[in-house]
Structure formats: structure tokens, C-alpha cells
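> have a look at this prediction, sequence included:
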Amino acid sequence: MTRIRSVAAALAVTAALAGCSTSGTATPASAPTTTDVTVTTERAEPTSTTPPTTSDAVEPYVVGSIRVTGSTDNATYEVAIPQLSAGNPAVTAEFNESMRAALQDQIDGDYGYDFALSDGYSTGATYVGRRVISAEQITDWIAVPPGAHGNSLLATVTINADTAQPISLGDAFSDLDSGLSRLSDQAAKILPTTRAGESFERSGIEPTVANFANWTASPEGMNIHFGDYQVGAYGIGLITITVPWTDLSDVLAPGMQEVLSS
């Protein structure tokens with residue numbers, strides 16, 4: 001099975017580091033050693049009125065997290081990531097494996113420096129719908145020895161609860177290029193109403209997979225999560241916008257709006 005993972009985090013940090021003064025030399029990562037400890041659990045009751053499907057005929061999912069700790073030749077990490085229990089075993093397994101894989105991508109990233117990963121300054125949301133599970137992971141990255149400040153690594157996972165398969169942007173849209181163009185157009189309209197303001201960084205919303213790789217589903221629309229420096233200065237923080245499903249309905253793949261909005 002091909003694992004769908006975000007590719008935007010490494011690009012965002014590489015760009016961010018251009019303005020930071022630090023030292024250290026990255027070396028190839030060795031196989032990490034991890035220790036997982038369950039830290040929280042919360043039963044998730046979907047609130048959608050979507051008609052029942054096969055994914056409803058199971059015990060409700062329980063949203064929790066595990067803390068993953070360890071080190072490689074050039075990294076140390078102690079990070080909590082979202083995890084599920086109960087529910088459809090296939091969906092739970094796919095979500096958990098995808099979240100672990102997303103963190104592993106961050107651990108294995110070549111950022112040009114030795115580094116440490118820890119919990120982000122904010123916690124990404126995990127949404128459990130009747131037909132979709134969607135989560136954002138925010139991880140704090142800092143060079144070792146430290147530079148001016150750290151940066152945030154983002155990763156997102158969205159799982160179709162009917163099929164227990166990841167949903168990529170290519171799956172979500174009938175035509176990927178048309179979907180990316182629509183997201184870019186909508187982002188240009190919404191971003192001026194956020195902390196990014198009218199002078200937002202327009203290169204951050206060019207219609208590319210990298211710019212829109214970090215997205216999650218919600219009943220209201222597709223949430224787009226922008227990383228540090230992607231649409232503005234570091235000081236504005238992380239920016240999330242929601243593109244309503246009504247503005248995407250004509251470019252989504254058949255049946256996809258019903259799944260993603262459930």
C-alpha cells in the first residue's frame with residue numbers, strides 16, 4: 001500500500017532557515033528508536049446527519065495520542081501525535097500508521113542542520129466524521145545549537161472511513177490541476193481577511209501540490225493549513241483558511257463532497 005504523506009513541511013523549513021543564523025551539520029539518519037506512551041483518550045461521536053454507511057456500524061472511534069521519543073544521528077525528538085482506538089479496525093490502523101509515517105518523514109527530513117523536534121506551540125485538530133477521519137499534526141522544529149527561533153512542521157492525514165484508504169488531493173478532485181487552481185483562487189479571496197492581510201505572500205498560494213498539501217476535511221469546507229513564512233512573515237503565525245464546499249463542488253470528484261463533509 002502506498003502511504004500518502006505531506007511533502008510541504010521540509011520545503012517550508014528549508015525556506016525558513018534561509019533567514020536564521022545557526023550552526024551544525026546534518027548527517028544521514030540512522031534507524032530511530034521510539035518509545036510510545038498513550039497520554040490522552042476521548043470518545044468521538046460523529047455529529048453529521050449523513051445517512052448511515054458501513055463505516056457507521058462499529059463502536060465509536062476514541063481519539064487519543066501517543067508520545068514518540070528517540071534520536072537519530074542528527075535529530076532528537078519527543079512528540080505527541082494523534083492516534084485512534086476502537087471504531088473500524090482497518091480505518092483505525094490506517095490512520096495510526098499514516099500519522100506515524102508523517103512524523104517519521106519529519107524525523108528523516110534533511111534540513112541542513114542537526115535539530116530537535118517537540119510538540120508544537122498549538123495542537124492540530126482531529127475531526128471524526130461519519131465517513132471521514134482527518135487530522136493536522138503540528139511539530140516544533142529547532143536547530144541544534146539553536147538559531148534565532150524554531151519553526152513549525154505541518155503534516156495532515158485524511159482517511160476515507162468507507163474504504164480505510166487515505167484521500168489525497170488527487171483523489172479529492174476530478175482533475176487535480178483544476179482543483180489546485182480553484183484552491184488558489186479561493187485562497188486569494190480569503191487570506192486578506194486573516195492575519196496575513198492584503199500583502200500576503202502570493203507565491204505561497206500558487207496552484208501547486210506543495211502549497212496545498214496540508215489540508216483537512218470539515219463539515220464546513222476544506223481547511224488549508226499554511227506553514228511558517230508560506231503566506232507572510234514569521235510573526236503572523238500559522239494561518240488556516242476554510243474553503244467552503246459550495247465553492248469546490250463543481251471540481252470535486254463524484255461523491256467526494258458527501259464523504260469529506262460528513
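Thanks, I have it.
> every contact and neighbour count from this point should use C-alpha atoms.
Noted.
> ranges for the helices of this protein?
Secondary structure of the chain (DSSP state H): helices at 8-17, 89-108, 169-172, 176-190, 209-212, 256-260.
> distance to H149, mean pLDDT and mean neighbour count added to those, as a markdown table?
Below are the helices of the chain laid out as a markdown table (distance: least, CA to CA, whole Å; pLDDT from 0 to 100; neighbours: other CA atoms under 10 Å):
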| stretch | distance to H149 | mean pLDDT | mean neighbour count |
| --- | --- | --- | --- |
| helix 8-17 | 10 | 44 | 20 |
| helix 89-108 | 18 | 98 | 19 |
| helix 169-172 | 32 | 98 | 17 |
| helix 176-190 | 27 | 98 | 18 |
| helix 209-212 | 23 | 98 | 20 |
| helix 256-260 | 36 | 98 | 20 |
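> closest to A196 out of those helices?
A196 sits nearest to helix 176-190 of all the helices of the chain, at 9.8 Å, using CA to CA.
> can you list contacts of the closest one?
169-170, 173, 202, 205-209, 212, 241, 243, 247-248, 251-252 (CA atoms under 8 Å, 6 or more residues apart in numbering).
> same question, stretch 156-163
So stretch 156-163 is contacted by 4-6, 53-55, 88, 91, 94-95, 98-99, 102, 130-137, 165-168, 213-217, 259 (CA under 8 Å, 6+ apart).
> how about 6 Å then?
Defining contact as CA atoms under 6 Å, 6 or more residues apart in numbering, one finds that stretch 156-163 is touched by 55, 91, 131-136, 165-167, 214.
> and the closest residue in space to F226 that isn't next to it in sequence, how many neighbours does it have?
The shortest distance from F226 to any residue other than its chain neighbours is 5.3 Å, reached at I239 (CA to CA, 6 or more residues apart in numbering). Neighbourhood size, I239 [other CA atoms under 10 Å]: 18.
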